[in-house]
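Undergrad: Fold the following for me, if possible:
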Amino acid sequence: MYRRTFLATSALGATALAGCGSIESRSIDVPTVVSERPAGSYVPGHIEGMARVGSVTAGPYELVVTYSYPHRFWMVTGTDTERVPLEEADSTHLMATVRDRETGLVVPEVGLSMAITREGSLASQETIYAMLSQTMGLHHGANFSGLEDGREYDLAVTVGTPTVRLTGAFRDRFTDPVTETLSYSFDERAMAELRLDRLNRAGERGALEPMGGAVAGARAPEQATVSGRTATTRAGDVRYLVALRDESPPGIDSGPYLAVIPHTRYNRIRLSRMGLSARFTTGGGPIETQLTRTFDPELGYHYGTALSADPAGESISLLAETPPQVARHEGYETAFFDLPTASVQL
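TA: Numbering: from 1, shown residues only. Below is the predicted model:
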């Protein structure tokens, strides 16, 4: 179902690539994986467009559901990756982005599932995975099969509660799982009109620009907007925004608070589900502490800890012990592994 035909007939189609590549004027299958992939973020072999199914309010959440062509993607377990191939029966790739209604921040580390029914009968169901995409941002997604062209379906989305530490007003906001249902019309003609462009820069180091609105609420803030003593550093394709504040967020032990926001080198998309620790020296000697994955109304998703002493003037080393445990779209499946230690001084 994912075979598509393209014809580059207009300057508009070429301009839409913004210098990233070119459309091939012939019938093609989804392009093969780039043969020589660098050990890091790279330009994939193609761009796939997406379109909106709809959005709905569900308790404290805003859910936005989109669709695209079926995707191959890579699951990550520890430091191992496993490619999930395209199957001939795949109908579409459905994605859901979960945001907090009040702040607009993408809510991290929630269990999410989708069930597609028609006239009360189950047509397709998946537990969908947290995913990272250069163009589609941080979302949950999976390929779904068994859908019939031209049929109307009910799409039920269930969102669990966050599994990270919650601080401030978030402590009492995300207390119960919620389920909401959207109407979904599976239309192969509409899907065939989605953008699917081959790129002549495939395999180059870098990343594609996100589609409009895809990374809203998922970007790391600019350093100048974060309070406290701040600094930035980089390790491979990960950038770290580091802040040392006099006080911890509400709900955490009092004292100086170290907050670290890892994000992608390109496009500043926050990186979740990492194992991250910090090492530094104070007057009491060397300290190494695990940073806790935390969701805060002001800092957003970050890794943080309360400190017993202020490491003012000392070098802080950041150690990525576990790479982001999120599935990857093409171009990110080789990135964020084997990261070197990064250092910063506040």
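Undergrad: make it CA atoms for all contacts and neighbour counts henceforth
TA: Fine.
Undergrad: now the strands for the stretch 51-200 of the chain?
TA: 51-58, 61-68, 73-77, 80-84, 90-100, 112-118, 121-127, 129-133, 137-145, 151-159, 165-166, 178-186, 196-198 (DSSP state E, counting those that start in this stretch).
Undergrad: Export those strands as a markdown table, with columns for distance to residue 317 and mean pLDDT.
TA: Formatted as a markdown table, the strands of the stretch 51-200 of the chain follow (distance: least, C-alpha to C-alpha, whole Å; pLDDT from 0 to 100):
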| stretch | distance to residue 317 | mean pLDDT |
| --- | --- | --- |
| strand 51-58 | 40 | 96 |
| strand 61-68 | 36 | 97 |
| strand 73-77 | 25 | 97 |
| strand 80-84 | 25 | 96 |
| strand 90-100 | 32 | 97 |
| strand 112-118 | 34 | 97 |
| strand 121-127 | 37 | 93 |
| strand 129-133 | 26 | 96 |
| strand 137-145 | 27 | 96 |
| strand 151-159 | 36 | 97 |
| strand 165-166 | 23 | 98 |
| strand 178-186 | 40 | 97 |
| strand 196-198 | 41 | 92 |
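Undergrad: Tell me which of the ones you listed lies nearest to residue 330.
TA: Nearest to residue 330 among these is strand 73-77 (6.4 Å), distances taken as C-alpha to C-alpha.
Undergrad: Not counting its own residues, what contacts that closest one?
TA: Residues outside strand 73-77 that contact it (C-alpha atoms under 8 Å, 6 or more residues apart in numbering) are 81-85, 325-330, 333.
Undergrad: in it, what's buried?
TA: If you call a residue buried by 16 or more other C-alpha atoms under 10 Å, then strand 73-77 has these buried ones: 73-76.
Undergrad: Show me where the protein has its helices.
TA: 11-15, 188-192 (DSSP state H).
Undergrad: got the buried residues for the last one?
TA: What it means is helix 188-192. In helix 188-192, counting by 16+ other C-alpha under 10 Å, buried: 188, 191-192.
Undergrad: what bridges to residue 328?
TA: residue 74, residue 132 (DSSP bridges).
Undergrad: Could you pull up the residues touching it?
TA: With C-alpha under 8 Å, 6+ apart, residue 328 has these contacts: 73-76, 131-133.
Undergrad: and with 7 Å instead?
TA: 73-75, 131-133 (C-alpha atoms under 7 Å, 6 or more residues apart in numbering).
Undergrad: export the residues you listed to JSON lines and tack on distance to residue 282?
TA: Converted to JSON lines, the contacts of residue 328 look like this (distance: C-alpha to C-alpha, whole Å):
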{"residue": "73", "distance to residue 282": "44"}
{"residue": "74", "distance to residue 282": "41"}
{"residue": "75", "distance to residue 282": "40"}
{"residue": "131", "distance to residue 282": "38"}
{"residue": "132", "distance to residue 282": "37"}
{"residue": "133", "distance to residue 282": "40"}
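Undergrad: what's the closest of those residues to residue 61?
TA: residue 131 (18.5 Å).
Undergrad: Any idea how many residues pack against the closest residue to that closest one other than its chain neighbours?
TA: In space, and not counting its chain neighbours, residue 131 is closest to residue 327: 4.5 Å by C-alpha to C-alpha, 6 or more residues apart in numbering. Using other C-alpha atoms under 10 Å, residue 327 has 27 other residues around it.
Undergrad: For residue 327, give its distance to residue 76.
TA: Using C-alpha to C-alpha, to the nearest Å, we find residue 327 at a distance of 6 Å from residue 76.
Undergrad: Name the helix or strand of the chain that has the lowest mean pLDDT.
TA: helix 11-15 (a mean of 32; mean pLDDT, DSSP states H and E).
Undergrad: quick one: low-confidence ranges for this protein?
TA: For the chain, residues meeting the criterion pLDDT under 70 lie at 1-29.
Undergrad: Surely residue 342 and residue 231 touch.
TA: No - taking contacts as C-alpha atoms under 7 Å, residue 342 lies outside contact range of residue 231: 11.9 Å.
Undergrad: Which residues are in contact with residue 179?
TA: So residue 179 contacts 58, 156-159 (C-alpha under 7 Å, 6+ apart).
Undergrad: can you rerun that using 6 Å?
TA: For residue 179, the contacting residues are 157-158, by C-alpha atoms under 6 Å, 6 or more residues apart in numbering.
Undergrad: hey, what's it bridged with?
TA: Bridge pairing for residue 179 - DSSP bridges - gives residue 158.
Undergrad: Over to the one 5 residues further on?
TA: With DSSP bridges applied, the residues forming beta bridges to residue 184 are residue 153.
Undergrad: where's it relative to residue 142, distance?
TA: Taking C-alpha to C-alpha, one finds residue 184 at 16 Å from residue 142.
Undergrad: And those two? Which one has more around it.
TA: Per other C-alpha under 10 Å, whichever of residue 184 and residue 142 has more neighbours is residue 142, with 26 against 19.
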